[in-house]
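**Q** pasting the structure only:
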């Protein structure tokens, strides 16, 4: 039992570190043609990084036609469309800000879950389960799920073959898996 708890603790620390790296590093998308990468915070080319993100305010236009689609977003600049009957507006940065917020929340909840686990390990009576640690870790898992899923739906598949996923994006999905496993194990385990 002690070995299992130590293993979970090590995996939890590794998850916290990977979440930090995933959120801070600017390698969510990597260009196949030039030495450039894009993250949640900056756009990096060669050795310099700029504060403006290429996909946060780029020239892709979308519009909402309230009469025909009632809130469904459709692309006005789709291939084969000669003219758009609607007045286009730039893509909002709300999705990117949401991803940033959920990734930061996931780090906060992961660290809190780790601290709660250590606290419960030394103060909880024998035979009790680590419910609070498990619940907090599952909230972290949910934040990672929302953040990485929004990023995937809005940004990960852009330009087809020009970009591929960077290690930060992959680490985000690995942390998603680890936090779910850790959360479930915390809920199942009893202190002996």
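**A** Ah, there it is. Worth saying up front: this structure is predicted, and the values here are computed from it rather than measured.
**Q** What segments of the protein are strands?
**A** Ranges of strands in the chain, per DSSP state E, are 29-31, 36-38, 43-45, 48-50, 61-64, 73-75, 89-90, 163-165.
**Q** How much space separates residue 142 from residue 126?
**A** Distance, residue 142 to residue 126, by Cβ to Cβ, to the nearest Å: 30 Å. For every residue, glycine as well, the C-beta is placed using N, CA and C.
**Q** Among these two, which residue is more densely surrounded?
**A** The residue with more neighbours, out of residue 142 and residue 126, is residue 142; 18 against 7, by other Cβ atoms under 10 Å.
**Q** ok, residue 45 touching residue 38?
**A** No: at 9.5 Å, residue 45 does not count as touching residue 38 under the criterion of Cβ atoms under 8 Å.
**Q** higher neighbour count, the two?
**A** Shown here are residue 45 and residue 38; by other Cβ under 10 Å, residue 38 has more neighbours (25 against 14).
**Q** How many residues are close by residue 48?
**A** Neighbourhood size, residue 48 [other Cβ under 10 Å]: 8.
**Q** and what of residue 4?
**A** Applying other Cβ under 10 Å, we find 10 residues neighbouring residue 4.
**Q** My guess is it contacts residue 188. True?
**A** No: if you go by Cβ under 8 Å, residue 4 and residue 188 don't touch, sitting 10.5 Å apart.
**Q** ok now the lengthiest helix in the chain, how far from the chain's centre?
**A** Of all the segments assigned as helix in the chain under DSSP state H, the longest by residue count is helix 94-123. Distance of helix 94-123 from its chain centroid, counting by Cα atoms, centre = their mean, to the nearest Å, is 12 Å.
**Q** buried ones in it?
**A** Residues of helix 94-123 classed as buried: 95-96, 99-100, 102-103, 105-107, 109-114, 116-117, 120 (neighbour count, 16 or more other Cβ atoms under 10 Å).
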